[in-house]
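Enquirer: Mind looking at a prediction? Sequence and model below.
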Amino acid sequence: MPSGSQTLTATLRRPRKQFWRDVLIFALLGPVFGLVAALWGIPLAFIATGSRIFHAPAPVDLGVLKFLPLGYYIGLLPALVAGFVHAGLSRRGILPPLRLAIVVVGVGAVAGYVGVALAIGGIRGFNDWLALSAAAGAVAATLCFALCEFLDLKRLRRARSL
């Protein structure tokens, strides 16, 4: 007879198709979320706090779509790393709060920082643009994580109702 913690771990483990679904969510949506955060969300937060780093966020129009390939160029590798880490931890049955901390802080922010540093030619020190990329990576990882958890919760509710 399995104990309560063994049953919880078995419930938290995901089938293989959820593993690849999570990786695809991070790969397809992570760079878009990071781009949106880098162009609008984070600059607005800096402006609201009175920081002089940014004078104005990018204009909100369809012309910003031209940055989408750049977002994928810079953000795809960090998003894939975060997706594989999230899916691997999920497959092992690690609890969501710990997964959130590892994926967002450990992987999302660091991978966002390193991804931009590599794209611009190496790490020469910490500057505002690298801080922005780390924050954008953390925001993108948080949103992808939330979407994966929402879909898993939906799956668990559907399984309980059967």
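Expert: All right, it came through fine.

Enquirer: Now stretch 17-25: buried residues?
Expert: For stretch 17-25, the neighbour count (16 or more other C-beta atoms under 10 Å) marks 18-19, 21-23, 25 as buried. (C-beta placed from N, C-alpha, C; glycine too.)

Enquirer: Also stretch 94-113?
Expert: Of the residues in stretch 94-113, those scored as buried under the neighbour-count criterion (16+ other C-beta under 10 Å) are 94, 96, 99-100, 102-104, 107-113.

Enquirer: Restricted to helices, list the residues you listed.
Expert: When DSSP state H is applied, the buried residues of stretch 94-113 are split such that 96, 99-100, 110-113 fall in helices.

Enquirer: which one of those is nearest Trp40?
Expert: The closest of these to Trp40 turns out to be Gly112 (C-beta to C-beta; 16.1 Å).

Enquirer: hang on, the closest one packs against Pro78?
Expert: Yes - the pair formed by Gly112 and Pro78 meets the contact definition of C-beta atoms under 8 Å, at 5.1 Å.

Enquirer: Mutual contacts of these two, please.
Expert: Both Gly112 and Pro78 are in contact with 34, 137, 140, where contact means C-beta atoms under 8 Å, 6 or more residues apart in numbering.

Enquirer: what sits against the first one?
Expert: To tie it back to what came earlier, the one meant is Gly34. When contacts are counted by C-beta under 8 Å, 6+ apart, Gly34 is found next to 71, 74-75, 78-79, 112, 136-137, 139-140.

Enquirer: Dump the residues you listed to CSV, plus pLDDT and distance to Arg160.
Expert: Formatted as CSV, the contacts of Gly34 follow (pLDDT from 0 to 100; distance: C-beta to C-beta, whole Å):
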residue, pLDDT, distance to Arg160
Gly71, 77, 38
Ile74, 76, 41
Gly75, 80, 36
Pro78, 84, 35
Ala79, 87, 31
Gly112, 77, 36
Ala136, 83, 36
Gly137, 85, 34
Val139, 86, 32
Ala140, 88, 31
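
Enquirer: what's the most distant pair in these?
Expert: Ile74 and Val139 (14.1 Å).

Enquirer: Pull out the buried positions in the lengthiest helix in the chain.
Expert: The residue-count maximum for a helix in the chain (DSSP H) belongs to helix 128-161. Within helix 128-161, the residues scored as buried using 16+ other C-beta under 10 Å are 130-145, 148-149, 152.
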